[in-house]
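In: Coordinates for the following, if possible.
(chains A, B, C and D)
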There are 2 protein chains.
Amino acid sequence: MRADAARSRRRILDAACEVFLERGPDAPLDAVVRRAGVGPATLYRRFPDREALVRALVTDLLARLTEAAEEARRAEDDPYLALRRFVHAAADLRMGAAIVVLLEHLVVDGELAAVRRGTVTAVEGLLHAARDAGRLRADVGMGDLVLLCVRLSRPLPGALAALDADGSLVHRHLDLALAGLAAAPGDQEGAPRRALGFDEVIAAAGRPGEPGPTGVAE
Amino acid sequence: MRADAARSRRRILDAACEVFLERGPDAPLDAVVRRAGVGPATLYRRFPDREALVRALVTDLLARLTEAAEEARRAEDDPYLALRRFVHAAADLRMGAAIVVLLEHLVVDGELAAVRRGTVTAVEGLLHAARDAGRLRADVGMGDLVLLCVRLSRPLPGALAALDADGSLVHRHLDLALAGLAAAPGDQEGAPRRALGFDEVIAAAGRPGEPGPTGVAE
DNA sequence: AACGAAGCGGAGAAAATCTCTCCGCCTATT
DNA sequence: AATAGGCGGAGAGATTTTCTCCGCTTCGTT
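Out: Numbers count the residues shown, from 1 in each chain, chains lettered A, B, ... in the order given. Have a look, this model is predicted:
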């Protein structure tokens, strides 16, 4: 692949990530094009339709997340710090986008499912290690972790997004939330229900229109 | 006002709240109409243009928030619990919508500013009481509180929203995050920077196009 | 350094979506 | 039971979005 083509491809994927995150997975591809600073033809040449773009985006992001999880495990001795490191990396990767878009416009076929399983396994490793070390509340599951990441790493709506132009606010709020997930000395006022598993998230996300390419009916 | 008209009005406001929250303040009014289950004419008769709708929505929401803050103060002795009660109430009111929409499509004129000031004052009362009682980290400001509420009370994107059909997940995650805001025994790993004030949020939100009716240029 | 192949952006046609109004029927209130 | 006020649906016009064709530019190679 030619160098300029690879560059365009990456710019498009990055732009798509941001745009889908901000405006939902039905955002006009035109907006992606504008954000990427390329011509429409360039997008359509590389990705024949919306699904191809989404699939590439999600696959790319999952691979990076897996890598981030493994990097975090290697880099930190304390399992809680490793988890924390990963969560921050995931926010930087705008992990929200993968999940947002993942099961809305995509059939999770064999290949994608395999990539996803790899990611989930890697992250579960971090989570369980932190929990087993007593550094994390027992009632926090993968589902909770994922959903908190999605919620906290989404860009703020509208003009508010400017508040966090450099992303430091996201990290601050992640730290605040992580402090809430950490094993606390006992005075937790509400919360303690049962942990939310990843499978439950998947199941819910697949619901609306039978895992069809473009499920979703209002 | 006739009873059926009042009912329609409320259905439209509730629908607008959800739709703006999910799809941003530029969401088609058509979508509001569909969600509300009324005819288009009903919306346009009551609210001549988008701004009228947004203004009514925001005013209504701010009034309810103020009421919720006062109710929480009355209902709980412990200031931390009062704050917690308010935050949960705010989530139920989908407080996010007010902020999302507030400074994007609206000039905050005299009347609206007054209503907003009332709300901010009431909530600041709760926050400061909790902080003075030593139940809250000192580095948590109104801005942090508002932004956490916005982030956590937004509906989950796309199909994921089904996960939290009854809203119980929001409350669970709010509790987790609140635990992070509570005064902790010292082992907070990251976070502690300076508190984010409400004024900073307002300032950022007002930025994009000079407080014009429809500011915002890409 | 110069050639050929691959890639790029812009203009714009066709399709889809959104805004907003007219009008005949229905429902609250007296 | 009368009447004023309200309601929903159909649809015209404007706007937005999708997607393609084509002439110029850039990359990789000889």
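In: If I look at the closest residue to DNA strand C within chain A, what pLDDT would I see?
Out: Proximity of chain A to DNA strand C (Cβ to the nearest atom of the strand) peaks at residue A:39, 2.6 Å away. No exception for glycine: its C-beta is placed from N, CA and C like everyone else's. Per-residue confidence at residue A:39 stands at 96 (pLDDT).
In: Surely it is in contact with residue A:33?
Out: Yes. Here residue A:39 reaches residue A:33: they are 7.1 Å apart, a contact under Cβ atoms under 8 Å.
In: that older thread, what about the residue of chain A closest to DNA strand C, distance to residue B:30?
Out: 31 Å (Cβ to Cβ, to the nearest Å).
In: One more: residue A:107?
Out: Taking Cβ to Cβ, one finds residue A:107 at 29 Å from residue B:30.
In: higher neighbour count, those two?
Out: Neighbour count, other Cβ atoms under 10 Å in any protein chain shown: between residue A:107 and residue B:30, residue A:107 has more, with 16 against 11.
In: Now do the contacts for the residue of chain A closest to DNA strand C.
Out: residue A:33 (Cβ atoms under 8 Å, 6 or more residues apart in numbering or on different chains).
In: Next, it: phi, psi?
Out: phi -80, psi 160 (degrees, to the nearest 10).
In: Repeat that for residue A:3.
Out: phi -60, psi -40.
In: Any idea how many residues pack against it?
Out: 7.
In: and the longest helix out of those in chain A, which residues are buried?
Out: The residue-count maximum for a helix in chain A (DSSP state H) belongs to helix A:50-75. Of the residues in helix A:50-75, A:50, A:53-62, A:64-66, A:68-69, A:72-73 count as buried by neighbour count, 16 or more other Cβ atoms under 10 Å in any protein chain shown.
In: per the record, what domains does chain A have?
Out: With domains defined by automatic domain parsing, chain A comprises A:1-48, A:51-206.
In: and these, which is most packed in?
Out: Neighbour counts (mean count of other Cβ atoms under 10 Å in any protein chain shown) averaged over each of the domains of chain A peak at domain A:51-206, with a mean of 19.
In: what's the average pLDDT for that one?
Out: Rounded mean pLDDT across domain A:51-206 is 87.
In: Please see if that domain touches DNA strand D.
Out: No. Judged by Cβ under 7 Å from any atom of the strand, domain A:51-206 stays clear of DNA strand D, getting no closer than 9.6 Å.
In: can you check stretch A:12-22 too?
Out: No. Using Cβ under 7 Å from any atom of the strand, stretch A:12-22 stays clear of DNA strand D, coming no nearer than 10.3 Å.
In: Not counting that stretch itself, show me its contacts.
Out: Applying Cβ under 8 Å, 6+ apart, the contact partners of stretch A:12-22 are A:27, A:31-33, A:35-38, A:42-43, A:46-47, A:53-54, A:56-57, A:60-61, A:94, A:96-97, A:100-101, A:154-155, A:161.
In: got a list of what the residue most central in space within chain A touches?
Out: In chain A, the residue lying closest to the centroid (Cα atoms, centre = their mean) is residue A:95, at 2.1 Å. Listed by Cβ under 8 Å, 6+ apart, the contact set of residue A:95 reads A:61, A:65, A:149, A:150, A:153.
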